[in-house]
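Peer 1: sequence isn't available, so here's the structure alone:
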């Protein structure tokens, strides 16, 4: 099922310094975390995602990576080139983490 972000790739950096590149295609999200030297430190592909338009240019996306226990929610402001994340990472493990951070989108590619 087609979603609102399909055909877009966003490259963004969180305020804490982590950089991600996320591609959306055919209702699936793929991401890679990019390290300081440009190498990929973490990636996952073909994750079903859902999206909702809050207003034109402001999209809410969510996906669940059942294999690693991550539930990710991103609010993507395409016009202001900002991103807002709320995620529960690594549940149900004891060392799970709540991620709540904003970031700046450096690039938006359309394919």
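Peer 2: Perfect, thanks for sending it. Bear in mind that the values here come from a model prediction, so they are computed numbers and not experimental data.
Peer 1: show me where the chain has its strands.
Peer 2: Listed from the start of the chain, the chain has strands (DSSP state E) covering 8-14, 19-25, 28-34, 40-55, 58-65, 70-77, 82-89, 97-110.
Peer 1: quick one: strands adjacent to the second one?
Peer 2: In this case it means strand 19-25. Counting by DSSP bridges, the strands paired with strand 19-25 are strand 8-14 (antiparallel), strand 28-34 (antiparallel).
Peer 1: among the ones you listed, which is nearest residue 103?
Peer 2: Closest approach to residue 103 among the strands paired with strand 19-25 is made by strand 8-14 (4.1 Å; C-beta to C-beta). Where you see a C-beta, it was placed from the backbone N, CA and C, and this is true even at glycine.
Peer 1: tilt between the lowest-mean-pLDDT helix or strand in the chain and strand 19-25?
Peer 2: None of the helices or strands of the chain scores lower by mean pLDDT, DSSP states H and E than strand 40-55, at a mean of 91. Following axes from the mean of the first three to the mean of the last three C-alpha atoms, to 10 degrees, one obtains 60 degrees for the angle between strand 40-55 and strand 19-25.
Peer 1: quick one: list the elements packing against strand 40-55.
Peer 2: Counting contacts by 3 or more C-beta pairs under 8 Å, 6 or more residues apart in numbering; DSSP states H and E, strand 40-55 packs against strand 28-34, strand 58-65.
Peer 1: and that strand, what's buried?
Peer 2: In terms of neighbour count (16 or more other C-beta atoms under 10 Å), strand 40-55 has its buried residues at 44, 47, 49, 51.
Peer 1: which residues does the last one bridge with?
Peer 2: By that I understand residue 51. Beta bridges link residue 51 to residue 61 when assigned by DSSP bridges.
Peer 1: gap between it and residue 94?
Peer 2: Distance of residue 51 to residue 94, computed by C-beta to C-beta, to the nearest Å: 32 Å.
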